[in-house]
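Chemist: Provided below are the primary sequence and the corresponding predicted coordinates.
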Amino acid sequence: MVTGRVRRRPLGALQWLLILVAVLLLVLWIRTLRQGDAEPAGEAWRAPLRKGEGASVTALRLLRDPQLLALRRDGGAWWLVEPLEDLASVRMVRELFRALENLEIRRRLPGDDLARYGLDPPRAVLRLQLRDGSTRTLRIGDAAPASGDTYATWSHLPGVALIPRFVVARFFQSELLSWRETEMLPPASAGVDSVWVILPDARIRIERQQPDVWRFLAPADREADGIDCERAVAAFWRFPFQRFIDDPQERQAIARATPRARWIVFRGDRRDTLRIVRRVQGTQMIVQHTARAPGLADGRLFDLLTGGVEALEVRRLLRGTSAQIEQLLVVGMEGHRHYWRAAGGWQTGRLSSEALAAADAGRPPPADARRPDGRAPGTFESELRNLFWLEGEAWLPARDTSARPSAYPLRIHLWDAAGTHRWAFFRPEAGRSLAGMQGDVFAGVGLGSRSPRRPLRLRSDLVGRWALRAAGEAGAPTR
């Protein structure tokens, strides 16, 4: 009997290949158990739309009991066709396409009993028409009892998919208003270039020169307030329609009504007209784009949109900022104070009678004319800053546009480093004494170096504090 080791022959290439194939088949079998039915070969994909395919959709129909929603593409815009004709929300449509192109399948289920999942018949059906004539159909069923997600099926999807419930809530259960364009002005690629405002008794033209900088073309003697102009234009996007008025009789009555204002907005080669009809119950306003149904929007900017020039112009006495000022002279009936920037803060003092007369005529006091007697109080910088933001209530008729100092018992002169002269003069209203300027609220008239040089009605306690400084009380308290 012969004993000894049995030598094993090494595995050949064919055997290794068979083992590798067996492992691959095992992996595929395990994945099949996890995912459900295998996807068919060839032209199959998980999502109802391929990536980027939404750009090729030309029409969509959403059937949901009891309403049919139909949209069609016209150039770069989408329009509602059913249940009414109106401009559709291009953002809503694009969101739908992105959701379908990236739709998540929470779970794959067999599709041998569609009625079990509420898919025979379906609760909603979405049909998309593509530019090449093909269609994509998505059917929506019931909600899963445990998770609340929704059963769905579509072309090239084997079986039934469980998809996130927020997709169904957002696009298949949303109200009609969500599919309508709710911005007062339809979206456009170009920004606002200029605006015409037509009022019952006036016409206004303003144009944008750069962001937050506007100017009046008509009337040309007024200065536009860039902030208010931007607020007015931004209202057309930030204050969308809250609901539309689709009743034919109401629409006819609104069409016959004389609007409080018409805004004609130019954006590149696009022109849109909005009718600001009237305020409703103080909190809303009726606005109508001439190509659409009227709607109700937030009424907080009604006065701005219908206020004309007075609502869009600058009603301040001084141009520029307080940071530009190097010297200031305040002159009252009982005295004067001179202020100038120095190392460590503002210094204050008085001027000789000759220097005072020259400065009150607009010439900056020379350095050798300064007679310092202390530092300005800590409130001086903030009051100077507020002086540049002092706004009036209304311009008065331009009976006296000259800057005669003698006509104003309180005068403030300001100079920058280059010697540029700015000024703001104040006088009480007729019948009131100068003492009224030192009360809680000054009620009077101001005249400033800012264009237009017209008297401006003012009410401000700031003027009273400057009157105290002119009287020699450099440390006048602030209120």
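Modeler: Happy to help now that I have it.
Chemist: would you mark the buried spots in stretch 446-463?
Modeler: Buried residues in stretch 446-463, counting neighbours by 16 or more other Cβ atoms under 10 Å, are found at 446-450, 452-456, 458, 460, 462-463. Glycine gets a C-beta too; all of them are placed from N, C-alpha and C.
Chemist: distance from the chain centre to that stretch, please.
Modeler: Stretch 446-463 sits 31 Å away from the centroid of its parent chain (Cα atoms, centre = their mean, to the nearest Å).
Chemist: that one spans what distance, first to last residue?
Modeler: Length of stretch 446-463, first residue to last, Cα to Cα, to the nearest Å: 10 Å.
Chemist: same thing with stretch 202-219?
Modeler: End-to-end for stretch 202-219, by Cα to Cα: 10 Å.
Chemist: could you do stretch 55-72 as well?
Modeler: 13 Å.
Chemist: what comes up buried for that stretch?
Modeler: For stretch 55-72, by 16+ other Cβ under 10 Å, it's 56-57, 59-64, 69-71.
Chemist: can you list those in CSV and add pLDDT?
Modeler: Shown next, in CSV, are those (pLDDT from 0 to 100):
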residue, pLDDT
Ser56, 94
Val57, 96
Ala59, 97
Leu60, 96
Arg61, 96
Leu62, 96
Leu63, 94
Arg64, 88
Leu69, 95
Ala70, 97
Leu71, 97
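Chemist: which two among those are spaced furthest apart?
Modeler: The most widely separated members of those, counting by Cβ to Cβ, are Ser56 and Arg64 (23.9 Å).
Chemist: could you list the low-confidence segments of this structure?
Modeler: Within the chain, the segments meeting pLDDT under 70 span 1-12, 14-16, 26-45, 399-403, 431, 433-440, 473-479.
Chemist: got the domain ranges for it?
Modeler: Using automatic domain parsing, the domain parsing of the chain gives 53-179, 194-312, 322-470.
Chemist: reformat the buried residues of stretch 446-463 as a markdown table; add distance to Pro158 and secondary structure.
Modeler: Converted to a markdown table, the buried residues of stretch 446-463 look like this (distance: Cβ to Cβ, whole Å; DSSP: H, G, I helix; E, B strand; the rest coil):
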| residue | distance to Pro158 | secondary structure |
| --- | --- | --- |
| Gly446 | 80 | strand |
| Leu447 | 83 | strand |
| Gly448 | 78 | strand |
| Ser449 | 79 | coil |
| Arg450 | 74 | coil |
| Pro452 | 76 | coil |
| Arg453 | 80 | coil |
| Arg454 | 79 | coil |
| Pro455 | 82 | coil |
| Leu456 | 77 | strand |
| Leu458 | 78 | strand |
| Ser460 | 76 | strand |
| Leu462 | 76 | helix |
| Val463 | 81 | helix |
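Chemist: can I get the domains of the chain in CSV with distance to Val21?
Modeler: Listed next are those as CSV, based on distance: least, Cβ to Cβ, whole Å:
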stretch, distance to Val21
domain 53-179, 25
domain 194-312, 61
domain 322-470, 80
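Chemist: picking that back up, ok, so of the buried residues of stretch 55-72, who is nearest Glu230?
Modeler: Checking the buried residues of stretch 55-72 one by one against Glu230 (Cβ to Cβ), the nearest turns out to be Leu71, at 32.9 Å.
Chemist: any idea how far the closest one is from Trp78?
Modeler: According to Cβ to Cβ, to the nearest Å, Leu71 and Trp78 sit 5 Å apart.
Chemist: please enumerate the shared neighbours of those two.
Modeler: Common contacts of Leu71 and Trp78 (Cβ atoms under 8 Å, 6 or more residues apart in numbering): 88, 93.
Chemist: all strands of the stretch 351-479 of the chain, in order?
Modeler: 371-375, 394-395, 410-416, 421-428, 442-448, 456-460 (DSSP state E, counting those that start in this stretch).
Chemist: need the residues that contact the last one.
Modeler: By Cβ under 8 Å, 6+ apart, the residues outside strand 456-460 that reach it are 315, 317, 390, 392-396, 426, 441-448.
Chemist: what lines up beside it in the sheet?
Modeler: Here strand 456-460 has these sheet partners by DSSP bridges: strand 394-395 (antiparallel), strand 442-448 (antiparallel).
Chemist: got a markdown table for those, with distance to His421 too?
Modeler: Shown next, in a markdown table, are the strands paired with strand 456-460 (distance: least, Cβ to Cβ, whole Å):
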| stretch | distance to His421 |
| --- | --- |
| strand 394-395 | 22 |
| strand 442-448 | 12 |
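Chemist: rewinding a little: looking at the strands of the stretch 351-479 of the chain, which is nearest to Gln252?
Modeler: Going by Cβ to Cβ, the one of those nearest Gln252 is strand 394-395, 37.6 Å.
Chemist: ok, residues contacting the closest one?
Modeler: The contact list for strand 394-395, computed with Cβ under 8 Å, 6+ apart, reads 310, 315, 452, 454-457.
Chemist: at 10 Å instead, please
Modeler: Residues outside strand 394-395 that contact it (Cβ atoms under 10 Å, 6 or more residues apart in numbering) are 222, 309-310, 313, 315, 452, 454-458.
Chemist: on the three-state scheme, Leu304 is what?
Modeler: State at Leu304, reduced to three classes by DSSP: H, G, I helix; E, B strand; the rest coil: helix.
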